[in-house]
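**Q** Turn this into a model:
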Amino acid sequence: MSWPEPVVCVQSLAESGIKTIPVRYVKPPCQRPGGAAMESVEVQRNIPMVDMAKLESAAAVRDMAEACQEWGFFHVINHGISGELMECVKESWKQFFDQPLDLKKQYANSPMTYEGYGSRLGIEKGAILDWSDYFFLNYMPTSLRNPAMWPAFPPSSKKLIEEYGSEVVKLCGKLMKRLSVGLGLKEEYLLNAFGGEEGIGACMRANMYPKCPQPDLTLGLSPHSDPGGMTILLPDHNVPGLQVRKGDNWITIDPIPNALIVNIGDQIQVLSNAIYKSVKHRVIVNSNKDRVSLAFFYNPKSDLIIEPAKELVTEERPALFPRMTFDEYRLHIRKRGICGTSQHEQSLKST
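**A** Model (predicted):
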């Protein structure tokens with residue numbers, strides 16, 4: 001597959017000095033920030049916070065489980081990843097995005113894998129696009145890594161990607177155990193369902209949301225839930241932009257220094273039989289500042305069947321989702337672009 005039309009670098013558009021955004025980035029009125037009926041926006045209200053230093057206690061596990069049920073999102077502090085490493089890896093991606101376009105295009109991606117540098121998701125011709133560029137790369141299993149597609153500039157970037165990824169994988173392993181306990185399951189349940197430490201998959205996406213002359217007309221990332229297992233987000237602590245859906249509200253998350261943001265993905269929602277929620281979220285853009293974030297996606301082995309845990313299925317609460325491999329689900333998402341959890345939402349609506 002190839003892109004259905006020429007790919008335009010959004011950062012270059014922003015830097016050209018345009019005063020109005022091209023029509024292909026203008027969202028319908030009902031999809032614009034604050035534009036939908038029965039919808040309000042609460043600015044900078046914080047999601048729950050989880051302290052990793054306290055997660056051995058039953059009370060802390062219960063609080064995290066409640067955050068996953070009520071919000072699907074939480075901040076995590078005392079996570080063991082140094083603030084210096086987080087700032088260095090963020091800075092390296094900022095430096096990459098600031099490189100000349102010709103250099104960045106050497107890493108141009110395709111819809112086949114999305115790996116590399118890109119500016120659109122989905123292959124629908126004439127689609128309304130998001131105001132963002134990104135760089136996507138595979139991290140685990142190591143057999144899927146393509147070092148030639150990892151950016152060579154700045155020179156420290158490959159080492160930083162490796163080091164940061166290793167630390168986040170360790171963090172995810174710890175979180176998976178406590179998330180299992182929070183469901184009343186054995187602590188290894190979720191990790192085993194993902195294929196064990198040797199079977200899990202992981203990938204990263206560095207996001208560049210350029211400043212936008214008309215931020216009220218577009219979005220950096222359209223509303224969606226993450227199709228994988230769990231996402232660890234290293235946010236831009238200087239420029240809020242992530243919004244989480246809570247009831248009828250879009251709530252702008254206020255980043256906390258040195259904290260990471262964790263959200264439940266579709267595959268853990270399935271395994272938990274919708275006890276843990278994979279929640280829609282989106283990204284707004286800023287009229288004066290660029291914003292860079294780094295999302296780390298922690299996923300099940302691609303060919304394993306994912307289905308609700310039998311221990312969580314009862315007559316009163318039957319299985320809410322069909323059996324499906326992550327590969328099958330991911331293919332559905334890739335064909336349609338960033339469109340939320342349409343298959344899983346339909347399963348929930350039919351119950």
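**Q** Could you confirm residue 319 falls within a helix?
**A** No: looking at residue 319 with DSSP: H, G, I helix; E, B strand; the rest coil, it is coil, so not inside a helix.
**Q** ok, it - how many residues close by?
**A** 18 (other Cβ atoms under 10 Å). All C-beta atoms are positioned from the backbone trio N, CA, C, and that covers glycine.
**Q** any idea which element the closest residue to it other than its chain neighbours lies in?
**A** Nearest non-adjacent residue to residue 319, counting by Cβ to Cβ, 6 or more residues apart in numbering: residue 308, 4.5 Å away. Under DSSP states H and E, no helix or strand contains residue 308.
**Q** Burial check on residue 308, number of neighbours?
**A** Around residue 308 there are 21 residues (other Cβ under 10 Å).
**Q** can you pull out the helices in this structure?
**A** Using DSSP state H, the helices of the chain run over 10-15, 58-70, 83-97, 101-105, 157-182, 189-193, 266-271, 326-336, 342-349.
**Q** Which positions in the third one come out as buried?
**A** Within helix 83-97, the residues that count as buried by 16 or more other Cβ atoms under 10 Å are 86, 88, 89, 90, 92, 93, 96, 97.
**Q** Just the pLDDT at the residue of the chain most remote from its centre, thanks.
**A** Within the chain, the residue lying farthest from the chain centre (Cα atoms, centre = their mean) is residue 315, at 33.5 Å. Listed pLDDT for residue 315 reads 92.
**Q** Check whether residue 62 really touches residue 182, as I assumed.
**A** Yes: proximity of residue 62 to residue 182 meets the contact threshold set by Cβ atoms under 8 Å, at 6.9 Å.
**Q** Can you pick out the residue with more neighbours from these two?
**A** The neighbour comparison of residue 62 against residue 182 (other Cβ under 10 Å) goes to residue 182, with 25 against 12.
**Q** Just to check, the more buried one is in contact with residue 68?
**A** Yes: counting by Cβ under 8 Å, residue 182 does reach residue 68; the two are 7.0 Å apart.
**Q** just to revisit the earlier point, any idea which of the helices of the chain gets closest to residue 50?
**A** helix 58-70 (4.9 Å; Cβ to Cβ).
**Q** Please list the outside residues in contact with that closest one.
**A** 47-48, 50-51, 54-55, 73-74, 178-179, 181-183, 264, 272, 275-277 (Cβ atoms under 8 Å, 6 or more residues apart in numbering).
**Q** same thing but 10 Å
**A** 47-55, 57, 73-76, 175, 177-184, 187, 230, 246, 262-264, 268-269, 272, 274-279 (Cβ atoms under 10 Å, 6 or more residues apart in numbering).
**Q** Just the ones in strands from the residues you listed, please.
**A** 49, 50, 51, 73, 74, 75, 76, 230, 246, 262, 263, 264 (DSSP state E).
**Q** Quick one, which of those residues are buried?
**A** Among the ones in strands among the contacts of helix 58-70, the ones that count as buried by 16+ other Cβ under 10 Å are 50, 73, 74, 75, 76, 230, 246, 262, 263, 264.
**Q** distance of the second one from residue 130?
**A** In this case it means residue 73. 20 Å (Cβ to Cβ, to the nearest Å).
**Q** could you redo the buried residues of helix 83-97 as TSV and give each row pLDDT?
**A** Below are these laid out as TSV (pLDDT from 0 to 100):
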residue	pLDDT
86	97
88	97
89	97
90	97
92	97
93	98
96	97
97	98
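**Q** Pull out the buried positions in stretch 228-239.
**A** In stretch 228-239, counting by 16+ other Cβ under 10 Å, buried: 228, 229, 230, 231, 232, 233, 234, 235, 236, 237, 239.
**Q** thinking again about what came up before, out of the helices of the chain, deepest packed?
**A** Highest mean neighbour count of the helices of the chain: helix 266-271, a mean of 28 (counted as mean count of other Cβ atoms under 10 Å).
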